[in-house]
Each structure stands twice: as structure tokens, then as C-alpha cells.
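Enquirer: Following is a predicted model, sequence given first.
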Amino acid sequence: MANILIGICGISYGHLNRQKVVIEHLQKVGHHIQIFTFGTGIAYCKNYFPDIPCHEVWVPWIVCTEKGVNFEETAKAAFNTNQKSIVQNYSCMQELEERFNKMAADLVISDYEPISAQ
């Protein structure tokens, strides 16, 4: 069966509820699944999928105005200047690879979670 990484947005529960049925189906047919998420997604996934590795990733916060992305404020935001977040994401990627026996995922599904695409 395939090694599948599913990245799920951890803001609120819409993305999580949508992916819940996808994960249940993929798990039912025997695929090897791992999850990247953040925020409310961590507790949600650990509750509904205790047997699936759930990795907490850090996702940058983008500051926007009515004109679009405010790059200056995004760059200065305290949440985005934490260097530990970079180490956290690469550690998650390393653990993912180890759990998939040193192989990359066969399929990546991202529901508005950008780290899994890396």
C-alpha cells in the first residue's frame, strides 16, 4: 500500500472534518498515513486517529490588508520570527521519512497546510 502524507489546516474544524472521511477511507483500505497539522488539528487528529502519526508543524502567519499581503508586517510579526519553527518543521520531515522507511511519501494531500508540500 502507499505511503500518504496528509497536511491539514489546523485553524478551526472545517478542514479537519473534511479530511476525516478521507483519512478513514485511506486507513480502511490499508494505506500508511501520516498527518501534518497545527493548532486545533493536533488534539483533533490524536483523538480521532490515535494510531496515525500526527506531526505538529509550524505555519507562517500572513498579515493582510485590503490591498493584499503586507510583507513588511508579515516579516516583523513575532510569530514568524521564531527560528525554532524552522527546526520543528525539518524535524517533522525527518521523522516522516523515518516512519516511511527512508522513502518519500507516494502521495501528498494538502488541505490548506503548506508545509506538507515541501
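Expert: Sure thing, it's come through. Numbers count the residues shown, from 1 in each chain.

Enquirer: Next, count neighbours for Gly7.
Expert: Here the count is done by other CB atoms under 10 Å, and Gly7 has 27 residues near it. C-betas here are computed from N, CA, C, even on glycine.

Enquirer: doesn't it fall inside a strand?
Expert: Yes: under DSSP: H, G, I helix; E, B strand; the rest coil, Gly7 falls within a strand.

Enquirer: So for it, what's the pLDDT?
Expert: pLDDT for Gly7: 94.

Enquirer: Would you mind listing the residues in contact with it?
Expert: Gly7 makes contact with 35-37, 57, 108-111, 113-117 under the criterion CB atoms under 8 Å, 6 or more residues apart in numbering.

Enquirer: Ok, Asn82 next?
Expert: For Asn82, the contact set (CB under 8 Å, 6+ apart) comprises Trp58.

Enquirer: Give me the distance between Phe100 and Ala2.
Expert: 10 Å (CB to CB, to the nearest Å).

Enquirer: Now do the shared contacts for these two.
Expert: The contact sets of Phe100 and Ala2 overlap at His32 (CB under 8 Å, 6+ apart).

Enquirer: quick one: which of those two has more around it?
Expert: Ranked by neighbour count (other CB under 10 Å), Phe100 and Ala2 place Phe100 first, with 18 against 13.

Enquirer: Find the centremost residue of this structure, please.
Expert: Nearest residue to the geometric centre of the chain (CA atoms, centre = their mean): Phe36, 2.6 Å.

Enquirer: Pull the contacting residues for that one.
Expert: Leu5, Ile6, Gly7, Ile8, His55, Val57, Cys92, Leu96, Glu113, Ile115, Ser116.

Enquirer: do the same with Ile86
Expert: Going by CB under 8 Å, 6+ apart, the list of residues near Ile86 reads Trp58.

Enquirer: Surely Glu56 touches Ala43?
Expert: No: at 10.3 Å, Glu56 does not count as touching Ala43 under the criterion of CB atoms under 8 Å.
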